[in-house]
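Participant: What shape does this take:
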Amino acid sequence: MGILTMILVGFIVGLLARALKPGNDRMGIIMTTLIGIAGSFLAGYAGQAMGLYTAGQPAGWIASIIGAIVLLVIVSMFRGRRYR
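Facilitator: Residues are numbered from 1 along each chain as shown. Next comes the predicted model:
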């Protein structure tokens with residue numbers, strides 16, 4: 001997968017994760033894209049390593065969105081502590 005494709009997929013996954021996760025996330029478009037890319041990469045790698053799916057299956061998109069939501073929750077926890 002090329003760099004531009006990975007950025008585009010990460011952007012889409014990040015936006016979907018932010019839309020599905022409840023609460024107010026005060027982060028910009030770049031941070032959303034980075035979290036989407038990281039969630040997509042981690043969930044995709046973990047799912048393929050465990051043999052749950054192969055590259056290109058729809059389960060990979062679902063896992064990527066779930067991975068991005070998990071990363072959003074973790075980032076929100078750390079950002080919340082800093083601003084209190």
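
Participant: Can you tell me how far Gly60 is from Val73?
Facilitator: Note on Gly60: its distance to Val73, by CB to CB, to the nearest Å, is 21 Å. Yep, even glycine has a C-beta here, placed from its N, CA and C like the rest.

Participant: which residues are contacting stretch 11-22?
Facilitator: With contact meaning CB atoms under 8 Å, 6 or more residues apart in numbering, stretch 11-22 is reached by 25, 29, 32-37, 39-40, 61, 64-65, 68-69, 71-73.

Participant: Quick check: helices, which of those residues are part of them?
Facilitator: Counting by DSSP state H, these place 29, 32-37, 39-40, 61, 64-65, 68-69, 71-73 in helices.

Participant: Return the members of the residues you listed classed as buried.
Facilitator: Buried members of the ones in helices among the contacts of stretch 11-22, counted by 16 or more other CB atoms under 10 Å: 32-37, 39-40, 61, 64-65, 68-69, 71-72.

Participant: shaky segments in this structure?
Facilitator: 1-3, 80-84 (pLDDT under 70).

Participant: Based on its surroundings, how many neighbours for Val75?
Facilitator: Around Val75 there are 16 other residues, counting by other CB atoms under 10 Å.

Participant: again with Ala46
Facilitator: Using other CB under 10 Å, Ala46 has 12 neighbouring residues.

Participant: Right, I'll call it a day here.
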